[in-house]
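**Student:** From the sequence below, what's the structure:
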Amino acid sequence: RRAREIVDKMQIAYASVFQPRAAFDGKKNLYSSKEIAPGGSISVGSPTCMPADFASALNLVQMLIMQAPMLHSKTYNARAVFSSIGARPLGGGLEIWPGFFHYAPGPLISFVLDFLKMTVQDLANLDPLSSRWKLLRATLHKVRITVDVPVGRRSRPIKDLVPRGGLYTFKKGDRTLTVKDHYLEEHNKTLSYPRIFGVRMPGKHDVVLPAEICSIELGQMFKRKAPSDIMPKVLDFASKRPLDRLRAIEDAASGSVLNYAQSDFVGLAGMKISTTPLKVAGLIMTPPMIGFGNDLGSWNAVRRKFYKPGRATGLAVVDFSLGPYDVLKRFVDDLVNCCNRLGKSVLDYDCLRISFTLCAFQLPPLTFNRYAKCVTRPNTARSCPRPHCREYTSTMATYRPNLLVIILPDVAAEAREAVKLWSDTAAGIPTQCMVEFITTLINARMGGVNFIPRMPISTMIRNTPGLTIVGADVGHPGPGIDRPSITSLVASYDADLSRYTAFTNVQNPRQEIIADLKDMMLGAFRRVWNCRGRAQTMFPRCVVFFRDGVSEGEFAQVVTFETVAIQGKEFREEAGAPKELTLKLQFVVVGKRHHFRFFPDDQAPGHGTDKSGNLQPGLVVDSGITNPFITDFYLQSQGGLKGTSRPAHYIVLKNGLKMVPAQMYELSYFLCHVYARATRSVSIPAPVYYADLVCTRARMYFEGPVLELASEAGASIDGAPFDLDEWKRGFRGIHDNIRDQMFFL
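**Tutor:** Reported below is the predicted structural model:
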């Protein structure tokens, strides 16, 4: 922003030179439609990789369009401008503007009290070694503030925080003063809260300001993870029915916020921006029939049996909620009866009542030992009064349930993380945590298949030897969080493309290429082949690789590195592939973070919409807005629930299976119907969703000294180098016992 302000003032001061005004990209490039005097030629070194001409042209067009809005707004990023028109307070010291979270302007102390949910007394006693202090430091780092005493100073960013700011001492001549004494002497200002933190400002002098004289400047984006308690308000704010969203877009394009009509930059470039949406043609694919048990039907799981029921040979129920026992007993009986009714056999179950508050994080010893032993531990657990419960004295080595159902209290984030860390990485027992019961997840974890879609593409799926669907993702830490990125990969091993094995690892923060993809794919190929009985025809020879989270600028780099990693001769030999095998690879990027939305044409008969006002699921658009240089299409596979549906963007970067476009559309749509957590089609293929779930789960897999670093408060503002090896030492991989059991659902 500072660079834009300087260039803007320069063009105003030297208007005769910059006539017409030049467009500035905020970094190093200034574009003018006329030669700027005095002119001349210079030589510069060539970059190692020149961008394609069309990419440069696209960037220039985008920059020209954004110039006018950016000059009239203080809040923007490289691709968007945000307006306070229609802003809404969220609580926690934040407000939401169309497009982003923002720090609410106003007194700094008010923001902190609201954000941390503290009183003034609590804030004065905040321990500088606590996680909340670290969170506060990271949250306020580089936030721009103004001061009330003395008035008239320009805003500056916060460099760091200082405990008990009013009592901080500094040298003034030959005297040592506190900040509190300085403000009383120099400004006749008595500090009300000298024990509350101060803020250290950037510069060569050590300047510490008391928090109570500071105010947060308007229009600053909050780039950290939003507190969970405000998310319902965020979702409500962001959800607009399709026609309401269309009107909002049209109003913004023609109004003062974007200011396209009055932009000198757009006009001098010979462009004109239409405020009328572009009309494109699309087709709506026929939804699949859904198979339940031995018959086919519409997608309603009521009174149906699972397509392939799993089998729970031993079910243990652990209750952390400590509700009334008769309620727990009734719940467990209903759970078992419901599973059996849906075609899933549950032979035996046991209950253990545990107070999570009392047992702290002693879940591993409590669950690893047999339950009669566990309840003898003082102050950690108590037994259910079950007269028919046998006295077990053996350990889990001789009695091992293949599913633990964990009943959680309403506030249970810590309990759930402890359970999943232990079960996924140490014990190798699938766990189902629930506040309410979901049978479909349990069946999937027990090796069952809830339902399968039936489409014309099903024939090709079953007739393609060794067909394997892979989903891969990289989960990055939030802005300001100093922790590794997490890589994940899932691969199908059944004929219905419904069952997946999972792998995960860590790598340097915000690195998009999956550095250890070769090792993950080797592991996946071996597991898949073993699950298929190691028949030569069942080796994963035809792979459709769905890659999530890749931006357009990274296509070439990702497809070059990742396809080479999994297609070379060395890879095939290490995977144990038959010598005559040729590995065929279909590499598809699935994009979600784009701004295309589809609205019904008012002139179209019947509009083709569902009850939410969105277009019907199965919509494919493959012309008009697609890339002329590569194969891509948009698929809106999900039905509308709330707000405006977002289509997924599919970019086919490698077509090793020689699929025609229609086959790619149908396969993608098919995979949107095999997601085990839902009885409706979802917005992206199930393997892409599963890879994302594995990334999310793996954030819980850290142990040891890195646990402190792994907290959301663990953001580094001191510029310390990132130590990936330390994080790898503290990362626990997935236990082999559950790798193929869809544990991540």
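**Student:** mind listing the strands for the stretch 201-350 of the chain?
**Tutor:** In the stretch 201-350 of the chain, the strands defined using DSSP state E, counting those that start in this stretch lie at 207-210, 214-216, 220-221, 283-284, 289-292, 295-297, 311-312, 315-319, 345-346, 349-354.
**Student:** Compare the mean pLDDT across those strands and name the weakest.
**Tutor:** Set side by side, the strands of the stretch 201-350 of the chain give their lowest mean pLDDT on strand 295-297, at a mean of 37.
**Student:** Low-confidence ranges, the stretch 401-550 of the chain, go.
**Tutor:** 401, 409-414, 434-440, 442, 479-480 (pLDDT under 70).
**Student:** what's the nearest residue to M70 if we skip its chain neighbours?
**Tutor:** Excluding its sequence neighbours, the residue lying closest to M70 (CB to CB, 6 or more residues apart in numbering) is Y76, at 5.1 Å. Yep, even glycine has a C-beta here, placed from its N, CA and C like the rest.
**Student:** Kindly apply the preceding question to P128 instead.
**Tutor:** P163 (4.7 Å).
**Student:** How about D206?
**Tutor:** F170 (6.5 Å).
**Student:** pretty sure that neighbour contacts L209?
**Tutor:** No: counting by CB atoms under 8 Å, F170 stays clear of L209, with 11.7 Å between them.
**Student:** Comparing those two, which residue is more hemmed in?
**Tutor:** L209 (22 against 14; other CB atoms under 10 Å).
**Student:** For the residue lying closest to that one once chain neighbours are set aside, list each beta-bridge partner.
**Tutor:** Of all residues not flanking L209 in the chain, V199 sits nearest, at 5.2 Å (CB to CB, 6+ apart). Bridge pairing for V199 (DSSP bridges) gives the partners L161, L209.
**Student:** per-residue pLDDT, V199?
**Tutor:** 96.
**Student:** the helices in the stretch 351-500 of the chain, which residues?
**Tutor:** With helices called from DSSP state H, counting those that start in this stretch, the stretch 351-500 of the chain shows them at 356-359, 363-368, 371-374, 413-422, 439-445, 457-463.
**Student:** just checking, R526 touches A577?
**Tutor:** No: R526 is not in contact with A577 according to CB under 8 Å; the separation is 10.4 Å.
**Student:** Mind checking which of these two has more residues around it?
**Tutor:** Higher neighbour count among R526 and A577: A577, with 20 against 16, using other CB under 10 Å.
**Student:** Next, the more buried one: secondary structure please.
**Tutor:** Of the three states, A577 takes coil under DSSP: H, G, I helix; E, B strand; the rest coil.
**Student:** Just to check, it is in contact with E570?
**Tutor:** No: between A577 and E570 there is no contact under CB under 8 Å: 11.1 Å.
**Student:** most distant residue from the middle of this structure?
**Tutor:** D174 (54.7 Å; CA atoms, centre = their mean).
**Student:** residue contacts, that one?
**Tutor:** Counting by CB atoms under 8 Å, 6 or more residues apart in numbering, D174 touches no other residue.
**Student:** Phi first, then psi, for it.
**Tutor:** Note on D174: backbone dihedrals following degrees, to the nearest 10 are phi -100, psi 10.
**Student:** And L693, by the same measure?
**Tutor:** phi -60, psi -40.
**Student:** same deal with G704?
**Tutor:** According to degrees, to the nearest 10, G704 has phi 80, psi -150.
**Student:** what residue lies at the spatial centre of this protein?
**Tutor:** Closest-to-mean residue, the chain, CA atoms, centre = their mean: G475 / 6.7 Å.
**Student:** for the closest residue to that residue other than its chain neighbours, phi and psi?
**Tutor:** Nearest residue to G475 in three dimensions, chain neighbours excluded: C695, at 3.2 Å (CB to CB, 6+ apart). Dihedral pair for C695: phi -60, psi -50, per degrees, to the nearest 10.
**Student:** ok, which stretches of the stretch 551-700 of the chain are strands?
**Tutor:** 584-591, 619-621, 631-636, 648-655.
**Student:** Any idea which of those strands gets closest to S239?
**Tutor:** For S239, the closest of the strands of the stretch 551-700 of the chain is strand 631-636, at 16.6 Å, according to CB to CB.
**Student:** What lies in contact with the closest one?
**Tutor:** Taking CB under 8 Å, 6+ apart as the rule, strand 631-636 contacts 596, 598, 614-615, 617-622, 625-626, 645-652, 655, 661, 664-665, 668-669, 672, 683.
**Student:** can you give me the mean pLDDT across it?
**Tutor:** Mean predicted confidence for strand 631-636 is 95.
**Student:** ok and it relative to strand 584-591, angle-wise?
**Tutor:** 50 degrees (axes from the mean of the first three to the mean of the last three CA atoms, to 10 degrees).
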